[in-house]
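*Asks:* sequence and computational prediction follow.
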Amino acid sequence: NKEAVAQSRLLDDVKRNPDEAKSICQDFRELNKKNISASSPKSIQKISNQKNISEVDAEILSMYVRGLFCPETF
């Protein structure tokens, strides 16, 4: 399954590069200050555009990063 492989690679990249995850977390904190959820369509679209990935992959990445690196964000 190509999609599963691509998602796995995406998550592995973040695991190997915690600075990237910290950067994403910082974006989430900024959104939260404006009372915007990290899982909002606007946030997902931004990750999708930044990483050049589908919105589904961006949503998975968002949940993964929040779960491991910044669970305090919403």
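*Replies:* Sure, I can see it.

*Asks:* what's near enough to touch the residue nearest the centre of the chain?
*Replies:* Compute the mean C-alpha point of the chain, and by Cα atoms, centre = their mean the closest residue is residue 62, 2.7 Å away. Counting by Cβ atoms under 8 Å, 6 or more residues apart in numbering, residue 62 makes contact with 24, 28, 38-39, 43-44, 47. Any C-beta I mention is one placed from the backbone N, CA and C, and that applies to glycine too.

*Asks:* where does it land on pLDDT?
*Replies:* At residue 62 the predicted local distance difference test score is 96.

*Asks:* returning to what we had before: in TSV, list the contacts of residue 62 along with secondary structure and pLDDT.
*Replies:* Output for these, formatted as TSV (DSSP: H, G, I helix; E, B strand; the rest coil; pLDDT from 0 to 100):
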residue	secondary structure	pLDDT
24	helix	95
28	helix	97
38	coil	96
39	coil	95
43	helix	95
44	helix	97
47	helix	94
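
*Asks:* closest one of those to residue 53?
*Replies:* residue 47 (7.5 Å; Cβ to Cβ).
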